[in-house]
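*Asks:* Mind folding the following:
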Amino acid sequence: MAKFSPFAAVGELPAGEVRWTRGFWAGRVECCRSSMIPAMWDILSNDGLSHAFANFRIAAGLEDGEHSGPPFFDGDLYKWLESVASVYAVTKDPGLDARMDQVIAVIAAAQRADGYLHTPVIIAERNKAKAAAGGGASARPAYAGSDAAAPAVAAMADRLHFEVYNFGHLMTTACRHFEATGKRSLLDVAVRAADYLIARFATPDPNTAKNNICPAHYMGLIELYRITGEGRFRDFAAALIDNRNLIKDGTDDNQDRIPFRDQRRAVGHAVRANYLYAGIADVYAETGDDSLLPPLLSIWENVAHTKTYITGATGALYDGVSPDGDEDHWSIQRVHQAYGREYQLPNTTAYNETCANIGNALWNWRMFRITGDAKYMDVVETVLYNSMLSGISLDGRKYFYQNTLREERVMPVRLRWPRHRSTYLTSFCCPPNVLRTIAGAGTMAYGVGARGVLVNLYGANRLETRLADGSRLVLEQETDYPWNGEVLIRVAEAPAAEFSLSLRIPAWARGASVSVNGGAAAAVDGSKPAPGSYFEIRRAWRPGDVVALTLPLRPRILLAHLLVEESRNQAAVMRGPLVYCLESADLPAGVGIGEILLPSDARFAEEEGGGPLAGMTVLACDGARLSADEGTSSSGASPASAPLYRELGDAAIERTPLRFVPYFAWDNRGDGEMAVWLPLKWA
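*Replies:* Below is the predicted model of the structure:
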């Protein structure tokens, strides 16, 4: 049954109530089960590579050694474990259950008696205690006890150790594991960890308040409250927002330079920001604190209308400066992996960390739950199909950390992360985040409100849930979306009383139509299906009733706001929720991406892709090539000899066939160039 919050319009389904049956998301979840999860376990359990699981074994005293890797490695293992729990909730695969039991037993053994669980500190404590004992068998030290127990790395001493971030993912994963299995083995660990934080923050001060960085624990605490019903977790999450006000030397990068309730623009590290906004939205849903909504709504407007890429990605900059501020809060500060100024959305150097993109979806999902407004689900869908899925290869074994919108052989700058997907990243936070998002996408496919069910995402699936009054409902959805816009929803089981079935009409879906049992459907308010809204049908439903939704999937050419300088006089191509791009693999030999123009009157033919793109819809059209002088083509070896400026001269424009592929699928056919935005050739 859905989880309801007192100040949210929509309840969230637990894992397992939606099962993708075939098509797009069924394929991605099956790839997650058969390829992504085992491949990532091979990495996380590889002592010579990730060392993430080895850190827990050492912390548990099962073997000797030192901590290896970044301090947030614990969270990477938790996120992977969450993806396993989500897949298990649907498949009930005993092998997955056994693997979870194995990992959880080690995690539990590593936890201190007081609930603290962060392997860098616990390993340092163990090794110091062992050294003090003369190198004998290590004993678990008492918390804050004798000199022998004093950690070499103190707990909560450095905000960049990301302890609370790790704690947050532990809590979220524990709740998902409990939903999927009914076992308390990890939930009890999470409860002890949360109680440790409550005790540690009981007397807040500026130093402890600074540890609210990349605050996954806001979401984790609220989820723990929803699962256990223990109000102390909700109250602590709410208190943490006020604790941030104690910080006197905060930064925009951590969103703590000014109190949250005074903030109106998105600033700083995009992952930390989006996690913060998502967590505070969760707090509002449970407390109804009206002072939290104005900043959430204003910041959302700032992000959605001036700082979000067409792919739903956020966090344009690796290095930059924060917005200049206003009359009351003037400050220029260095930021990284961050939001920039309004409309500052570069393409070639776009950072767009995969975790930030997922954080944007998490935040918008929670805003949707609060309000029931379709505009938030539009953002969720855009992220899921584009800037989240681009973070992983089609075979589920290679990953992007950053997600640029343009890749050329000759780059103007050196990017911080690989320009093509890698099997391993030294900062491994993004790959397991992608896995847990794919595995858990079904929980966002529907929502349950006071009037009935909202259909949020389209894909062939079976829903088995209960309405707000406890009555059982079973729906079966048939569609080849996003390749085909025909959606059939069949009622398999329904209560006798009338209830509403509300269909999301995406903002791009002009001309959508809805019928019930072959006849035109009537909305509650008498309206026609309107883009960017829910079409509510209320009636007494019977088994066998069929709702047919048609979403026109036509290729569209989009322009950016004129203030987005790097995309001015350029265009991008979309079809349905999918952003498309051009890859050099589909261009004639020797032709570079930088030479291509997109005609403003382009007419697209829809074709089926082949090879790695089999089953996908690709778009073909006649394009143009502006022949470049020697040394200026993006396909050349070096542009160093080309002048910075040159006369136009007699430009030679040639016809060139173009073939656009879904953005999420780029870089699966070998190294090459790519562009989402192309210069326009006006007809």
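*Asks:* now the strands for the stretch 351-500 of the chain?
*Replies:* Along the stretch 351-500 of the chain, the stretches classed as strands by DSSP state E, counting those that start in this stretch are 406-407, 446-449, 452-455, 461-466, 472-479, 486-493, 499-505.
*Asks:* Mind checking these for the one nearest to residue 284?
*Replies:* Proximity to residue 284 (Cβ to Cβ) singles out strand 446-449 among the strands of the stretch 351-500 of the chain, at 16.9 Å. Just so you know, the C-beta spots here come from the backbone N, C-alpha and C atoms, and that holds for glycine as well.
*Asks:* how about the closest one as CSV, C-alpha atoms only?
*Replies:* Only the C-alpha atoms of strand 446-449 are listed here, as CSV (Å, rounded to 0.1, in the frame of the first residue of the first chain):
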residue,chain,number,x,y,z
TYR,A,446,2.1,5.7,-10.3
GLY,A,447,1.0,7.7,-7.3
VAL,A,448,-2.1,7.3,-5.1
GLY,A,449,-4.1,10.3,-4.0
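*Asks:* Next one: the residue most central in space within the chain from residue 438, what distance?
*Replies:* For the chain, the residue nearest the mean C-alpha position is residue 358 (1.2 Å; Cα atoms, centre = their mean). Separation of residue 358 from residue 438 (Cβ to Cβ, to the nearest Å): 10 Å.
*Asks:* which residues are common contacts for those two?
*Replies:* Common neighbours of residue 358 and residue 438 (criterion: Cβ atoms under 8 Å, 6 or more residues apart in numbering): residue 388.
*Asks:* any low-confidence regions in the protein?
*Replies:* Along the chain, segments meeting pLDDT under 70 span 135-153, 323-331, 628-641.
*Asks:* residue farthest from the centroid of it?
*Replies:* residue 134 (47.8 Å).
*Asks:* tell me which element it falls in.
*Replies:* Following DSSP states H and E, there is no helix or strand that holds residue 134.
*Asks:* and the closest residue to residue 16 other than its chain neighbours, what is it in contact with?
*Replies:* Distances taken as Cβ to Cβ, 6 or more residues apart in numbering place residue 89 nearest to residue 16, at 3.5 Å, with adjacent residues excluded. Residues counted as contacts of residue 89 (Cβ under 8 Å, 6+ apart) are 14-16, 176, 179-180.
*Asks:* Tell me the one of the residues you listed nearest residue 621?
*Replies:* residue 15 (41.6 Å).
*Asks:* what's that closest one sitting at in phi/psi?
*Replies:* Torsion angles at residue 15 (phi, psi; degrees, to the nearest 10) stand at phi -60, psi 140.
*Asks:* Might one say that it is in contact with residue 90?
*Replies:* Yes - the pair residue 15 / residue 90 is scored as a contact, 7.5 Å apart, by Cβ atoms under 8 Å.
*Asks:* quick one: what helix or strand has residue 232 in it?
*Replies:* helix 231-243.
*Asks:* Residue 19 now?
*Replies:* Going by DSSP H and E, residue 19 is part of strand 18-20.
*Asks:* packing partners for whatever helix or strand comes next after that strand?
*Replies:* Downstream of strand 18-20, the first helix or strand assigned by DSSP H and E is helix 23-31. The contact analysis (3 or more Cβ pairs under 8 Å, 6 or more residues apart in numbering; DSSP states H and E) places helix 23-31 against helix 430-439.
*Asks:* Turn the strands of the stretch 351-500 of the chain into TSV, columns for mean neighbour count and distance to residue 557.
*Replies:* Formatted as TSV, the strands of the stretch 351-500 of the chain follow (neighbours: other Cβ atoms under 10 Å; distance: least, Cβ to Cβ, whole Å):
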stretch	mean neighbour count	distance to residue 557
strand 406-407	24	17
strand 446-449	24	32
strand 452-455	22	29
strand 461-466	18	32
strand 472-479	19	25
strand 486-493	17	24
strand 499-505	23	21
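*Asks:* do you know which of these lies nearest residue 572?
*Replies:* Between residue 572 and those, the tightest spacing by Cβ to Cβ is seen for strand 406-407, at 11.0 Å.
*Asks:* How many residues are close by residue 554?
*Replies:* Residue 554 has 14 neighbours, counted by other Cβ atoms under 10 Å.
*Asks:* Kindly list the main-chain dihedrals of the closest residue to it other than its chain neighbours?
*Replies:* Closest residue to residue 554 apart from its sequence neighbours, by Cβ to Cβ, 6+ apart: residue 575 at 7.0 Å. Note on residue 575: backbone dihedrals following degrees, to the nearest 10 are phi -140, psi 120.
*Asks:* Residue 575 reaches residue 558, doesn't it?
*Replies:* No - applying Cβ under 8 Å, one finds residue 575 not in contact with residue 558, separated by 11.0 Å.
*Asks:* Compare those two (neighbour count), which wins?
*Replies:* Shown here are residue 575 and residue 558; by other Cβ under 10 Å, residue 575 has more neighbours (22 against 15).
*Asks:* Who are the contact partners of the more buried one?
*Replies:* Neighbour list for residue 575: 482, 553-556, 606, 617, 619 [criterion: Cβ under 8 Å, 6+ apart].
*Asks:* hmm, which of those are the buried ones?
*Replies:* Buried subset of the contacts of residue 575 (neighbour count, 16 or more other Cβ atoms under 10 Å): 482, 553, 555, 617, 619.
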